[in-house]
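[1] kindly generate the corresponding structure for this input.
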Amino acid sequence: MSHDALLDAKGLNCPLPILRTKKAIAELSSGQVLKIVATDPGSVKDFEAFCKQTGNTLMSSAEAGGAFEFMIKKS
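    Model prediction:
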């Protein structure tokens with residue numbers, strides 16, 4: 001799946017991945033996709049809640065090699 005921007009949040013714990021995502025997504029245009037890579041296991045629920053609160057779309061959530069990858073489409 002293609003993305004317009006990448007955020008490396010590996011090694012960061014809550015709430016830093018969400019805060020950095022909020023900043024990164026603010027720089028995107030509507031319809032663009034941000035890919036986030038994080039290592040915090042709590043980030044799975046955090047990003048689900050973030051998308052519900054902000055109206056952005058969580059397109060995918062996957063775990064690969066001890067890291068979590070999220071694709072968020074800006075509303």
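[2] report the distance from stretch 26-43 to the chain centre.
    Using C-alpha atoms, centre = their mean, to the nearest Å, the mean C-alpha position of stretch 26-43 is found 3 Å from that of the whole chain.
[3] which outside residues touch that stretch?
    With C-beta atoms under 8 Å, 6 or more residues apart in numbering as the test, stretch 26-43 has contacts from 1-14, 17-18, 21, 24-25, 46-47, 59, 66-75. Yep, even glycine has a C-beta here, placed from its N, CA and C like the rest.
[4] and residue 48, which of the three is it?
    helix (DSSP: H, G, I helix; E, B strand; the rest coil).
[5] for the one 10 residues further on, same thing?
    With three-state DSSP as the basis, the three-state label of residue 58 is strand.
[6] then the one 10 residues further on?
    Secondary structure assignment for residue 68 (three-state DSSP): strand.
[7] phi, psi of the closest residue to it other than its chain neighbours?
    Leaving aside its sequence neighbours, residue 68 sits nearest to residue 38 (C-beta to C-beta, 6 or more residues apart in numbering; 5.0 Å). Backbone torsions for residue 38, taken as degrees, to the nearest 10, come to phi -130, psi 160.
[8] same question, residue 8
    Residue torsions, per degrees, to the nearest 10, at residue 8 are phi -90, psi 110.
[9] and it, what are its bridge partners?
    residue 37 (DSSP bridges).
[10] residue 68 too?
    residue 38, residue 63.
[11] same deal with the one 4 residues further on?
    On DSSP bridges, the residues paired with residue 72 through beta bridges are residue 34, residue 58.
[12] quick check: it touching residue 58?
    Yes. Contact status for residue 72 versus residue 58: in contact at 5.8 Å, counting by C-beta atoms under 8 Å.
[13] need the overlap of contacts for these two.
    With contacts defined as C-beta under 8 Å, 6+ apart, the residues shared by residue 72 and residue 58 are 47, 51.
[14] report the contact partners of residue 10.
    Listed by C-beta under 8 Å, 6+ apart, the contact set of residue 10 reads 37, 38, 39, 67.
[15] please consider this matter closed, and thank you.
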